[in-house]
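[1] Here is my input, please return the structure:
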Amino acid sequence: MKKATPRSRPAISIPRSNLENALEIAYIIGILAMIFALVRYWAALPDHVPTRFGAGGIPVAWGDKTALIRQLLVFVLISAGISALSRYPHLFNYPWRITGQNMRIQYQLARTLLSWIKVELIWLIGFTEWGSIQVALGRDHALRIEFLWAYMAIIFGTFAIYLYESFKAR
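    Below is the predicted model of the structure:
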């Protein structure tokens, strides 16, 4: 039997789930929170803010405060790309063989995974932005690295849950 390639899989219409809608709202709230923080603290920010953090959350690079806006815009563009990509789950690579019986659930799981990753990334970037603002204002000396570890655990946990659910639905 010939293995189905991504290009030979049918594109089927799957309505967005309530979870996907909730994740989209969490994503928008994350963007709005970042914009709010920038607007709220913009006038108080010094000309140079931390733009990159090293081991232990210590700032290792500084740049002008517009770097915070550029960072937000870059991740909004990346998120838009993820949103566009999620419309074509039939073109994804899957860890299991896609069949007529498991196609709908595998597509849905993959699309939901992308929604989770998009939300987690925007909130991670928001956390980093908040840390940059706090360090720049002298309220902290480093990024709270324990939160970064928690976010990394969340992201890897999301992938683990996806693989588990996808394995069950194969």
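[2] Figure out how far the helix or strand encompassing residue 80 is from the centre of its chain.
    Assigned by DSSP states H and E, residue 80 falls within helix 66-85. Averaging C-alpha positions (CA atoms, centre = their mean, to the nearest Å) puts helix 66-85 10 Å from its chain's average.
[3] So which elements touch the longest helix along the chain?
    Identified as the longest helix of the chain according to DSSP state H is helix 103-136. When contacts are defined as 3 or more CB pairs under 8 Å, 6 or more residues apart in numbering; DSSP states H and E, helix 103-136 sits against helix 18-41, strand 48-53, helix 66-85, helix 145-168. Bear in mind the C-beta positions are built from the backbone N, C-alpha and C, glycine included.
[4] List the buried residues of that helix.
    103, 106-136 (16 or more other CB atoms under 10 Å).
[5] Stretch 40-53 now?
    Here stretch 40-53 shows 41, 45, 49-51, 53 as buried, counting by 16+ other CB under 10 Å.
[6] Just give me the closest of those residues to residue 76.
    Comparing these against residue 76 with CB to CB picks out residue 51 as the nearest, at 17.5 Å.
[7] Contact partners for the closest one?
    Neighbouring residues of residue 51 by CB atoms under 8 Å, 6 or more residues apart in numbering: 59, 61-63, 67, 71, 132.
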